[in-house]
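A.B. asks: Pasting a predicted model and its sequence here:
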Amino acid sequence: MTALLTLDGLTKAYPGVIANDSVSFEIGEGEIHALLGENGAGKSTLVKMIYGLVRPDAGHMTFRGKPFHPGEPRAARAAGVAMVFQHFSLFEAMSVAENISLGMENPPSRRQLAARIREVSNAYKLPLDPDRIIGDLSVGERQRVEIIRCLLQNPKLLIMDEPTSVLTPQEVDVLFETLNKLSSEGTAILYISHKLEEIRTLCHHATILRHGKVVDNCDPTQQTARRLAEMMVGSALHIPAKKNLHPGEVLLEVDHLSARSRTPFGTSLKDISLKVRSGEVMGIGGVAGNGQDELLSALSGEILVKREMIRVLNVDTGDLRPNERRELGLLTAPEERLGHAAAPNMSLTENAMLTAHQRQKLTTGGFLRWNAARGFARAIVKQFDVRTPGIANAARSLSGGNLQKFVIGREILQNPRVLVVNQPTWGVDAAAASAIRQALMNLAEAGAAVVVISQDLDELLEMSDRLAILNEGRLSVPAEAADLTIEAIGLMMGGMEAADVPA
Amino acid sequence: MFRLEARPQASKTWIVLTPILAVVATMFAGGLLFAALGKDPVASIQLIFWDPLFGEFAAMDRVDILKKAGPLILIALGLSIGFRAGIWNIGAEGQYIMGAICGAAVGLAFYPMEATFIFPLMVIAGALGGWAWAMIPAFLKNRFGTNEILVSLMLVYVAEHFLSQMSLGLLKNPEGRGFPGSRNLQQYASASNPELFPGTGMHWGVIAALVAVIAAYILMNRHLTGFQVRVTGESPRAAAFAGIIPRRIVVFCLGTSGALAGLAGLFEVSGPAGQISIDFNQGYGFTAIIVAFLGRLNPFGILLAGLLMGLTYIGGNLAEQAAGLPAAAIQAFQGMLLFFLLAFDLLSNYRIRRVRRRVVPQVTEPTASQETA
């Protein structure tokens, strides 16, 4: 295999951190090359240098045998590099063809462009109607628009940043077919992901980054997922073990819960019912935007519903406010850490006060006991290994993973009877994620009812006793997690009930 | 080439330094302004900042500074609480007027009876008057989602018209030979707010301002309500998650600032001003906004800022009389203070870094902001 792109000693430093430290590797023609690493390992900076968004401080690149130093993305695109970002840049009110035409240097006529889009979408089995409005498309379809936008440039190298985090398993299969076809035609793909199983099935070669350096490379098909994770983290990985427990009494009962979303693009909840028992972890899966935020808000008390729709410890709580629910023992941790679970500019002590002042008795007669709050914040930092110079630091100065540990720790240390978390390990590095999962499972073992809302199916299968899927605001009937396969869950995400899924 | 870089958290040093820097920059730019007007800049600045404190007639000027600073501090404290929550009461001037009218009306209703309960009753009426006037924007905001900035500001003009109506009608002095304005409360012992220690300028309003400084500090730093106010301002979603009810915060913040502005009005009308008249209000309600920000929305900062602002008032008067500086130049000078403060404020959240200029300027695409982990 001849080298398409060679990186030699690429270095990029930002104030206080070296994002890439002398990174060298090469990508062959038609190769699907995985770039693997934890958050903050330097993957994004590296691909931004290849795509011309960031200029390296030192080192050089060779692309198709010529020195390659793109000063801007336009130059990179002209040379044959295309990139699909994790977050799409599409105008919702415009059609597929209009969006694609906007990103082109010299757009052809609308009719020619539509014909080209149809041609490419047929060739790569990515069905897409150029006249449809983006706002009506699913996330998977929107990603197709971005991919086709790239393919129209006939790239030699396609960079994909976490492409599957928004897709159902079936959509992932379709995507992989497309990528394999591209690869067989000689287009190289630089594939960024931290989903190890995907990398094992798709990629020919993997380069592993840690703290900005290349620490390892391998043929991922020859490695176990666990081994890949250990290369990424640099140490043996502790995978939480699930104990079989006999669930006790019902602590949380949701009964025909319906609630309208408060935002115009949100998803309303429709007739959701579930029961969670003491000692049980209930997983709720589903693609983002199917009512996860709304479900958490309805449980936290940010959205009030009919009194009898939610019961905690046999008390009707549907119309109780967040603090009254905390009093009862129902605690929650929303997905967005900064600005929802924590106030960005406030210190960790103040953020500990935020949700814990009742259960931890951090006030007397309305006056704040700052010493007690500091003690509680210190306990969280210590027990959950939150890396911070001190509890007087602002929440926004913490990295995402550390703040997430703080938020989860804050709720767990209050000894909840019922804990509901949304995306507990989103954007968190592997070691921290496994610590968070372990803590949640320990909480359930100690007799609490835990609800985990997540888009990470591996996480749900690892933790849950039972699993249900949110789809367009409806919840499937929960099924025993042990009986479910990834394929079955994928079909449930599409709206089928577990019982209907062929075994 | 220089570049701004966000600090991971606001710098404590710069939060203290920026007001001082702003004052220095204002002196400098003000000096340029005065020079452009053909006045000696150094002498003018000295007239404004030095003479009222240490000049020939400083003893009298210092009393005046205190009288000016009292209402400014009282109003600014109330405003600062709302500002911390992101609730922008711009209409303190109107609440100040309504507090004065209500308080004075209660006092005048008892005229000429002499009794000790009259003044306390006036104080309550003054606070209630300001509170009620601030409840109008609060109610409209909570009920219909109106913008409290516009509503409270508009109500200032309503209050001003109401003030002229009162001085020409209901509250007009029956023995005033037809001149507009109420009876002079300074000549009605039970309803007056005299200097408590002659020659110091200390009246009940100044005492109230000092008490309010301490109360506001305790509220914002030691009490759950103040904490909730701060969380609301920092992050409304986090506040909702923490179970804070936004409507109650709106009522609390507008109510407190209205009541304090009303109190300031009452102490002014029963003390230094003496009577309800068409031109009773002097713009304290607007200047207090500058004081609140100059004091970093911190109670003790507001105390200092109120004194400083009082100083520029008295010094400005001196400069007007002694150096013939136009009143508008003094107002521009005070405006500069807020301008520089807001400009230097940047330094508490950002640091300035020197960057080596590259041969080819770096081009960033809009997609760059959508960076991933």
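C.D. replies: Structure received.
A.B. asks: and residue 37, what does it touch?
C.D. replies: With no chain named, the answer covers chain A. A:Lys43, A:His194, A:Ile208, A:Leu209, A:Arg210, A:Met232 (CB atoms under 8 Å, 6 or more residues apart in numbering or on different chains). From N, CA and C alone the C-beta is placed, and that goes for glycine too.
A.B. asks: my question was about chain B
C.D. replies: B:Leu325, B:Pro326, B:Ala329.
A.B. asks: Quick check: phi and psi on residue 187?
C.D. replies: Answering for chain A, as no chain was given. Note on A:Thr187: backbone dihedrals following degrees, to the nearest 10 are phi -80, psi 130.
A.B. asks: same thing with A:Glu185?
C.D. replies: Main-chain torsions, A:Glu185, degrees, to the nearest 10: phi -90, psi 0.
A.B. asks: mind checking how far it is from chain B?
C.D. replies: Going from A:Glu185 to chain B by CB to the nearest CB, to the nearest Å gives 26 Å.
A.B. asks: Just say helix, strand or coil for the residue nearest to the spatial centre of chain B.
C.D. replies: Centroid-nearest residue in chain B: B:Ala288, 1.2 Å away (criterion: CA atoms, centre = their mean). Using DSSP: H, G, I helix; E, B strand; the rest coil, the structure places B:Ala288 in helix.
A.B. asks: Look up how far B:Phe333 lies from it.
C.D. replies: The spacing between B:Ala288 and B:Phe333, counted by CB to CB, to the nearest Å, is 17 Å.
A.B. asks: and A:Gln455, what does it touch?
C.D. replies: A:Ser165, A:Gly285, A:Gly286, A:Val287, A:Ala288, A:Gln292, A:Gln423, A:Trp426.
A.B. asks: Could I get the phi/psi values of the fourth one?
C.D. replies: Dihedral pair for A:Val287: phi -70, psi 150, per degrees, to the nearest 10.
A.B. asks: so it touches A:Gly490, yeah?
C.D. replies: No - checked against CB atoms under 8 Å, the pair A:Val287 and A:Gly490 is beyond contact range at 10.2 Å.
A.B. asks: hey, what's in contact with both of those two?
C.D. replies: With CB under 8 Å, 6+ apart as the test, A:Val287 and A:Gly490 both reach A:Thr168.
A.B. asks: What residue in the stretch 401-503 of chain A comes nearest to chain B?
C.D. replies: A:Gly427 (5.6 Å; CB to the nearest CB).
A.B. asks: count of residues packed around the residue nearest to that residue when sequence neighbours are not counted?
C.D. replies: Leaving aside its sequence neighbours, A:Gly427 sits nearest to A:Gly400 (CB to CB, 6 or more residues apart in numbering or on different chains; 4.7 Å). Here the number of neighbours of A:Gly400 (other CB atoms under 10 Å in any protein chain shown) works out to 17.
A.B. asks: for B:Val291, same thing?
C.D. replies: Count around B:Val291 with other CB under 10 Å applied: 29.
A.B. asks: Name the SS class of it, please.
C.D. replies: Following three-state DSSP, B:Val291 is assigned to helix.
A.B. asks: show me the contacts for it.
C.D. replies: B:Val291 neighbours (CB under 8 Å, 6+ apart): B:Leu72, B:Ile73, B:Ile75, B:Ala76, B:Ile302, B:Ala305, B:Gly306, B:Met309.
A.B. asks: By neighbours, which of those wins?
C.D. replies: Neighbour-wise, the contacts of B:Val291 (other CB under 10 Å) top out at B:Ala76, 38 neighbours.
A.B. asks: In this structure that residue contacts B:Leu307, no?
C.D. replies: No - in this structure, B:Ala76 is not within contact of B:Leu307 by CB under 8 Å, at 11.4 Å.
A.B. asks: Which pLDDT value goes with B:Asp61?
C.D. replies: Looking at B:Asp61, its pLDDT stands at 87.
A.B. asks: Phi, psi for it please.
C.D. replies: Torsion angles, degrees, to the nearest 10, at B:Asp61: phi -60, psi -40.
A.B. asks: okay, and for the stretch 151-300 of chain A, where does confidence drop off?
C.D. replies: By pLDDT under 70, the low-scoring segments of the stretch 151-300 of chain A are A:165-166, A:235-245, A:264-265.
A.B. asks: Check chain A too.
C.D. replies: Using pLDDT under 70, chain A drops low at A:1, A:15-16, A:39-40, A:165-166, A:235-245, A:264-265, A:494-503.
A.B. asks: per-domain residue ranges of it.
C.D. replies: A:3-233, A:250-500 (automatic domain parsing).
A.B. asks: tell me the most buried of the ones you listed?
C.D. replies: domain A:250-500 (a mean of 20; mean count of other CB atoms under 10 Å in any protein chain shown).
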